[in-house]
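Q: show me the folded form of this:
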Amino acid sequence: MSPRRRRRPPSSRRIVPLVLLAVLAGATAVVPRAQSQDAAAQEPRFRGGTNLVRLDVYVAKDGTAVTDLTADDFEVLEDNAPQQVTSFELVQPRGVVADSARVELNSTREMRDRLASPDTRAFVLFLDTLHVQVEGSYRAQNPIAALLDRVIGADDLVGVMTPEISARNVTYSPRTTSIDRLLTDNWAWGQRGAVTGTDPREAELKLCYPDVPDLGTAGIAAELIARRRERRVIAALEDLLGEIERQREERTFVLLLTEGWLLPGPDERLARVIQRPDGGSAPVPGGAVPIGPGPDGRMTTGPAGDRDRSLQSCERERTMLAASNLGMEFRQMLQRANRANVSFYPIDPRGLVAFDAPIGPERPPPPALDAQFLRQRQDGLSVLAAETDGTVVLNTDIARALPRLLTDIGSYYLLGYVSTNQKLDGRYRRLTVRVKRPGLDVRARPGYLAPTAAELSTGPSSSAAGTASQPPATVRDALSRLPGGRNRPQLYLQAAGGAGFVQATVELDRAVIAGPEWAKGATVRVEVAPATIAANIPTASGEEIALEAGKRIFALRHPARDLLPPGQYQVRAQVRAEGMRVPLTLSTIVAVPPTDALLGSAAVASRRGPGTGRLFEPTADPRFRRTERLQVETPVIAADAVVTARLLNRLGQPMAVPVTLGERIDESLQLRVALAEIALAPLAMGEYVVEVTATKGGQSATVAYGFRVIA
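A: Residues are numbered from 1 along each chain as shown. Next comes the predicted model:
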């Protein structure tokens, strides 16, 4: 190992700007199987699947890995039921070689192929920049670099990620020198307790909620920033798990440098109405006022309109963060980690910790409360390691923990068995692994979530490449309708077909109606016409309405029941403001189902949130915020059909988020309408699908609505 440059320890008051971690590196190790049956290589690979379950087992004695066991030495119990071990492998890393002897990857495709190979060990170094003090990031540079030098084998891959980096942009490489330079040259990456932050949104929250007791806003900004930071880290880890799940089947090791999180639940006090000093109430007593050069070149504050928009934005985020349940999001992340076959190795770089809060610049909490916070952070890291079959490093020097980590990440046994419980119930199954030889320490994953039938049909493929299968066609179709790219559409259109009619919602983007040409309102025309030439489908007419100034949503149902025969129709919307030569135009295709169908052909949505009051407002924009509730409306054509609803992720897998299912009767059509309602606060940013299913007499029909959570 080459000698490393040592730097003078940083002062607790020294502020060092965060250097963007732009150089991402990684390493992969080919994993030889010392004892492997030929049949095992041909068995399908499932992460907690209903057929073959593969389990990583670590066996050690006095801190040294035991590598001479056989399959007969192991006993595996699933919910106390004995299981027959059908495959057995000893996984050992290849020897460490100099960086000059490693073969560099030449392309992204080659990296992904290596990453998906079952003979590759993959490591991710996750630097939780938001929850590590600069002293800790300094102390961690040499021990972590030494650990990687001793762990990364000849064919291993390793990558680096932070909360500011997308998992898709993580680069895996067999070389570790770039990571060594990254850790030594940019050792001041820890931001916790820094006097000045790098996030402009945090600065804006501080301006919106000044730390002034007389204004009733003291402490609000600090709590919002703390929640926001924890949510950012959990979202980044979720992003990493999703990317690993798509790229790999085999075990992935995540070395997580963090001081831990508090993981608070919903807090009504944080969402309280802020009282003014005079006894009245106001949304926000402070606010961010843009500062810049005015028309005469002198510095000035921005207009009141900018200030109002900033206050509204702060209030929306305060409502969302106050309703967030970070503990639940953390538990959901643990489930995702087990499905993705990821083991976390949390490392607190502070060493032996006496107090949780940094010395400054903020005033630390009372000792009893500080001890409680420290216990919460460390308990969370311990749970993260235990539930994902990793090891936690707490209250000890990282260098002293190296032997344990080396043993843990080194040799282990990979056991496979066909579960005797073939139910597709999605329940948690407890695992117990014992070794017949006495005096050995045995550690394995405590359990797994069994798949449901839907997950099994859309789960990871058993191919050697390890690629995941496509989600169901209904899910793919629903997500394909979401607007792509970074440019926001000016016009949104949503349509659904019932028995003899078409529902449509037209929505202008808020940025569009802010233009001066929309000051006097606009005219909306919606035309419904046959999509194909057919003798039995007459030409349908349209409808035109005037939108008042400021109004941007128009919903219609055209025409009355039984006037439109079954078939494909084109719905075309035109919106024109006064003086516009070319109107905004958008069209879509919708089907009118036959009268003996169970459900309509699609769904329309409504939203309820801080800007809509207690009522749901129709919407054609499929982008939502966590502060909102989503309601999906689907016509039920078969009067006696049984209707169910659930929430799916973008892979078509059910999520543990409740969907409230109700219905109403459309008096004019004497038609049932199913209403599926979801509170979006528990969801991370990403794409989701609401699936509504109707069953009758052994037949079923499904409608899927895709949406995106953006903040």
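
Q: now A60: which helix or strand?
A: According to DSSP states H and E, A60 maps onto strand 52-61.

Q: let me see the residues that make contact with that strand.
A: 43-46, 65-66, 69, 74, 76, 78, 83, 86-87, 91, 251, 343, 389, 407-408, 412-419, 431, 433, 435, 439-445, 448 (C-beta atoms under 8 Å, 6 or more residues apart in numbering). To be clear about C-beta, it is placed using only N, CA and C from the backbone, and glycine gets the same treatment.

Q: now that strand: mean pLDDT?
A: Averaged over strand 52-61, pLDDT sits at 82.

Q: kindly export it (C-alpha atoms) in CSV.
A: Extracted in CSV, the C-alpha atoms of strand 52-61 (Å, rounded to 0.1, in the frame of the first residue of the first chain):
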residue,chain,number,x,y,z
LEU,A,52,-35.6,-21.1,-4.8
VAL,A,53,-34.4,-19.0,-1.9
ARG,A,54,-30.7,-18.2,-1.7
LEU,A,55,-29.3,-17.1,1.6
ASP,A,56,-25.9,-15.6,2.4
VAL,A,57,-24.4,-17.1,5.6
TYR,A,58,-21.3,-15.8,7.5
VAL,A,59,-19.5,-18.3,9.8
ALA,A,60,-16.6,-17.2,11.9
LYS,A,61,-14.6,-18.3,14.9
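
Q: just the buried ones out of the contacts of strand 52-61, please.
A: Listed as buried from the contacts of strand 52-61 are 43, 45-46, 65-66, 69, 74, 76, 78, 83, 86-87, 91, 251, 343, 389, 407-408, 412-419, 431, 433, 435, 442-445, 448; burial here means 16 or more other C-beta atoms under 10 Å.

Q: pull out the buried residues from stretch 393-403.
A: Residues of stretch 393-403 classed as buried by neighbour count (16+ other C-beta under 10 Å): V393, L394, I398, A401, L402.

Q: just stretch 584-595 next, same as before
A: Buried residues in stretch 584-595, defined by neighbour count with 16+ other C-beta under 10 Å: L584, L586, T588, V590, A591, V592, P593.

Q: for the third one, give me the pLDDT.
A: It stands for T588. 84.

Q: neighbouring strands - and their directions - for the helix or strand it falls within?
A: According to DSSP H and E, T588 maps onto strand 584-592. Strand 584-592 pairs in its sheet with strand 567-577 (antiparallel), by DSSP bridges.

Q: tell me which residues are up against the partner strand.
A: 491, 493, 495, 497, 502, 504, 506, 508, 515, 517-518, 520-532, 534, 536-537, 540, 542, 547, 583-592.

Q: following the helix ranked longest in the chain, which helix or strand shows up next?
A: If you go by DSSP state H, the chain has its longest helix at helix 220-247. The helix or strand immediately downstream of helix 220-247 is strand 252-257, counting by DSSP H and E.

Q: what sits up against that following strand?
A: 121-128, 132, 136-137, 140, 144, 147, 240, 244, 340-347, 349, 384, 390, 409.

Q: if we use 7 Å, what do you get?
A: Residues from elsewhere that reach strand 252-257 (C-beta atoms under 7 Å, 6 or more residues apart in numbering): 122-128, 132, 140, 244, 341-347, 349, 409.

Q: among the residues you listed, which ones are in strands?
A: A122, F123, V124, L125, F126, L127, V342, S343, F344, Y345, P346, I347 (DSSP state E).

Q: dump those to CSV, plus pLDDT and distance to A188.
A: Output for the ones in strands among the contacts of strand 252-257, formatted as CSV (pLDDT from 0 to 100; distance: C-beta to C-beta, whole Å):
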residue, pLDDT, distance to A188
A122, 89, 28
F123, 91, 23
V124, 93, 22
L125, 93, 17
F126, 95, 18
L127, 94, 12
V342, 90, 28
S343, 89, 29
F344, 93, 25
Y345, 92, 23
P346, 94, 21
I347, 92, 18
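
Q: for L482, the count of nearby residues, please.
A: 13 (other C-beta atoms under 10 Å).

Q: whoops, I mixed them up, T391
A: T391 has 19 neighbours, counted by other C-beta under 10 Å.

Q: would you list every one of the strands in the stretch 51-200 of the chain?
A: 52-61, 64-65, 74-78, 81-83, 85-91, 120-127, 157-161 (DSSP state E, counting those that start in this stretch).

Q: of these, which approaches V212 most closely?
A: Of all the strands of the stretch 51-200 of the chain, strand 120-127 sits nearest to V212, with 34.6 Å by C-beta to C-beta.

Q: so for stretch 227-244, what's the average pLDDT?
A: 94.

Q: scratch that, stretch 688-703
A: Here stretch 688-703 scores 93 as its mean pLDDT.

Q: so S382 sits in a helix?
A: Yes: read with DSSP: H, G, I helix; E, B strand; the rest coil, S382 is one of the residues of a helix.

Q: in which helix or strand does E691 reside?
A: strand 686-696.

Q: many thanks, have a good one.
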